[in-house]
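**Q** Could you work out the structure for the sequence below:
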Amino acid sequence: MNGFRVLEPGVLSLFQDAGRLGYHALGMTAGGPMDGAAFYWANRLVGNPEGATTLEVAQGGLRLECTGDTSVAVAGAAMPLKINGQTKALWRSHRVTRGDVLKLGHATAGLRTYVAAAAGFEAPVYFGSTAVVRREGLGKPLHAGQELVCGASTDTDWALPMDQIPRCEATVTLRVVEGYQVSEFSAGSRELFYRSSFQVSPRSDRMGYRLEGNAVAAPAGERFSEGIAYGAVQVPPDGQPIVLLNDRQTIGGYPKLGTVLSLDCWKLAQCAPGAKVCFEVISLEAAQAAVEEAAATRKATALKRSA
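**A** The predicted structure is shown next:
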């Protein structure tokens, strides 16, 4: 059987596929990879379909023993990767054989990385997806002794070109498409939001990132709860913004300034507590153009044969 045995599960390691889509009407969130680009490239490097199940490893500390020959790729945060004690490169594929030990150290830049294996990992399916969402009781983190099953080694030895590898930064600027509620915020509150630098709170998680900094006065009055988009920027009564991400609740009533451009959400998801976050406005037209350009660039990016 091809796969791995979990020797040490790390701080938090979860099965994630492309997400549990189409269930918001039932109050069920999507889950899925917090860094969609790293997830995509990890799978592509081992020849998997785009949505194949990977391991999302937060902070590091994962150690696996190979129980049957396979191919793996690790992409995302800068977590030192070692196979049998030898340092290996991220963002490229590696062949491993029975008895090999793969170890991820703790992240030196960024927060989350993705381990893809040939044909994807087998994992329990809930409502059409293997994505683990702990707050909804859908799946559990990895544990020591757990057996992981995947496919056999492939003949792919690929690497992502260096100039295409995303960089995790300690200071990020996120582009915001303003929503219909932005007019409810005073001009002073909007100006304060965009000229402030916020810090990522330790209370941030896969549900959303809480930010700490200058309090942005939220408009008074009650509102009906409504659907919450990926990347929505809510402002609760304490004035500290919250950016809602993959495991967010499906409805909410706090006023929203807008939505972080989907292309930028991975930057926030790779921020550790204490990282600095700034915001800037982007028009809907410019946002659409950026998404189309990014899709074209991804499609045109050719992997290279690794040495």
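
**Q** Nearest residue to the residue nearest to the spatial centre of the chain in space, please, no chain neighbours.
**A** Central residue of the chain (Cα atoms, centre = their mean): residue 34, 1.5 Å from the mean position. Nearest residue to residue 34, sequence neighbours excluded (Cβ to Cβ, 6 or more residues apart in numbering): residue 269, at 3.7 Å. C-beta coordinates here come from the backbone N, C-alpha and C atoms, glycine included.

**Q** which stretches of the stretch 101-250 of the chain form helices?
**A** With DSSP state H, counting those that start in this stretch, the ranges of helices along the stretch 101-250 of the chain come out as 187-195.

**Q** Make sure the residue nearest to the centre of the chain is indeed in a strand.
**A** No. Read with DSSP: H, G, I helix; E, B strand; the rest coil, residue 34 is coil and lies in no strand.

**Q** mind listing what it touches?
**A** Residues in contact with residue 34, defined by Cβ atoms under 8 Å, 6 or more residues apart in numbering, are 56, 112, 206, 245, 246, 265, 266, 269, 270.

**Q** between the residues you listed, which is nearest residue 79?
**A** residue 112 (9.0 Å; Cβ to Cβ).

**Q** quick one: residue 265 from residue 18, how far?
**A** 15 Å (Cβ to Cβ, to the nearest Å).

**Q** no wait, residue 114
**A** To residue 18, residue 114 is 12 Å away according to Cβ to Cβ.

**Q** domains of this protein?
**A** Under the assignment automatic domain parsing, the domains of the chain span 3-160, 171-296.

**Q** closest one to residue 306 among those?
**A** Proximity to residue 306 (Cβ to Cβ) singles out domain 3-160 among the domains of the chain, at 4.1 Å.

**Q** Mean confidence (pLDDT) on that closest one, please.
**A** Throughout domain 3-160, pLDDT has a mean value of 96.

**Q** So for that domain, first residue to last residue, what's the gap.
**A** One end of domain 3-160 to the other measures 24 Å (Cα to Cα, to the nearest Å).

**Q** chain center to stretch 27-45: distance?
**A** Centroid displacement of stretch 27-45 relative to its chain, using Cα atoms, centre = their mean, to the nearest Å, is 6 Å.

**Q** Which positions within that stretch qualify as buried?
**A** For stretch 27-45, the neighbour count (16 or more other Cβ atoms under 10 Å) marks 28-45 as buried.

**Q** how close does the residue nearest to the centre of the chain sit to residue 243?
**A** Counting by Cβ to Cβ - residue 34 and residue 243 are separated by 12 Å.

**Q** anything in contact with each of the two?
**A** Residues touching both residue 34 and residue 243 (Cβ under 8 Å, 6+ apart): residue 265.

**Q** more neighbours, residue 114 and residue 18?
**A** Neighbour comparison, residue 114 and residue 18: the larger count goes to residue 114, with 26 against 22 (by other Cβ atoms under 10 Å).

**Q** Skip the chain neighbours and tell me the closest residue to the more buried one.
**A** residue 42 (4.2 Å).

**Q** C-terminal to the helix or strand in which that neighbour is found, what's the next element?
**A** Residue 42 is part of helix 36-45 when elements are defined by DSSP states H and E. Once the chain leaves helix 36-45, the next helix or strand it forms, by DSSP H and E, is strand 54-58.

**Q** Parallel or antiparallel, list what pairs with that following strand.
**A** Strand 54-58 has its sheet partners listed here by DSSP bridges as strand 12-16 (antiparallel), strand 109-117 (antiparallel).

**Q** Tell me the span between the first and last residue of stretch 29-43.
**A** Length of stretch 29-43, first residue to last, Cα to Cα: 23 Å.

**Q** meant to ask about stretch 77-97
**A** First-to-last distance for stretch 77-97 - Cα to Cα - comes to 25 Å.

**Q** again, but for stretch 276-287
**A** Per Cα to Cα, the first residue of stretch 276-287 is 23 Å away from its last.

**Q** you'd agree residue 37 is up against residue 265?
**A** No. Judged on Cβ atoms under 8 Å, residue 37 makes no contact with residue 265 at a distance of 10.1 Å.

**Q** intersection of neighbour lists for residue 114 and residue 18?
**A** Contact criterion Cβ under 8 Å, 6+ apart; residues shared by residue 114 and residue 18: 33, 39.

**Q** and residue 297, that one's in a helix?
**A** Yes. Assignment of residue 297 by three-state DSSP places it within a helix.

**Q** how close does it get to residue 215?
**A** 38 Å.

**Q** how about residue 84, what does it touch?
**A** Neighbour list for residue 84: 100, 101 [criterion: Cβ under 8 Å, 6+ apart].
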